[in-house]
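[1] below are the sequence and a predicted model; questions follow.
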Amino acid sequence: MSGVTSGAGSIVVQRAVKAVGVPTNASLRSFAAAALPARHGELTIRIVDEAESRAFNRRYRGKDKPTNVLSFAGEAEVLGDLLICAPLVMREAHEQNKMPRAHWAHLVVHGCLHLRGYDHEHPQDAQRMQAREIRILKRLGFGNPYR
């Protein structure tokens, strides 16, 4: 586990799985910081395998399969946790002809926006969230992930 703490809060990265292609902890923290307000509280990004992702997705969402990113909102000084499934992210990047680093950035930003209250349950909400993601990713040097 490694993290960084500042006046804005802390972003901790936990690697529960060794996987090829996962960006550095510094990169993951920079992706998250781009999507968070200046003062955001504590955030943990946990990189997991498909078994752990599946277990959490089944328990908290009732879906018996792994998923690319899960967001768990915290309370008080804790913004929350992101659980990101490394093998699934890498597979999706390959299947969707995306650069893995860009896909990682997108999913970290996406998860952070969920923690900030954005969702995509309704078309208007999805459009608002996607527009925000696109702006943040552009600032990070990545293209539109929805093209």
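    On my side now, so go ahead. Numbers count the residues shown, from 1 in each chain.

[2] any idea of the mean pLDDT in stretch 55-69?
    For stretch 55-69, the mean pLDDT works out to 97.

[3] return it as CSV; C-alpha atoms alone will do.
    Only the C-alpha atoms of stretch 55-69 are listed here, as CSV (Å, rounded to 0.1, in the frame of the first residue of the first chain):
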residue,chain,number,x,y,z
ALA,A,55,-17.3,-11.0,-4.8
PHE,A,56,-17.9,-7.3,-4.1
ASN,A,57,-20.1,-6.9,-7.2
ARG,A,58,-22.3,-9.8,-6.0
ARG,A,59,-22.4,-8.6,-2.4
TYR,A,60,-23.1,-4.9,-3.1
ARG,A,61,-24.9,-4.9,-6.5
GLY,A,62,-26.4,-8.3,-6.7
LYS,A,63,-24.5,-9.1,-9.9
ASP,A,64,-22.5,-12.3,-10.0
LYS,A,65,-19.7,-11.2,-12.3
PRO,A,66,-16.6,-9.0,-12.1
THR,A,67,-16.9,-5.4,-13.1
ASN,A,68,-14.3,-2.8,-14.2
VAL,A,69,-14.8,-0.3,-11.4
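
[4] which residues sit against that stretch?
    The contact list for stretch 55-69, computed with Cβ atoms under 8 Å, 6 or more residues apart in numbering, reads 48, 50-51, 53-54, 70, 72, 82-85, 87-89, 92, 107-108, 110-111. (Each C-beta comes from the backbone N, C-alpha and C, glycine too.)

[5] can you flag the buried ones in those?
    Among the contacts of stretch 55-69, those buried by neighbour count (16 or more other Cβ atoms under 10 Å) are 48, 50, 53-54, 70, 72, 82-85, 87-89, 92, 107-108, 110-111.

[6] which of those fall within helices?
    Among those, the ones falling in helices (DSSP state H) are 50, 53, 54, 87, 88, 89, 92, 107, 108, 110, 111.

[7] give the contact list for the fifth one.
    Translated: residue 88. Neighbours of residue 88 in contact, by Cβ under 8 Å, 6+ apart: 50, 53, 66, 67, 68.
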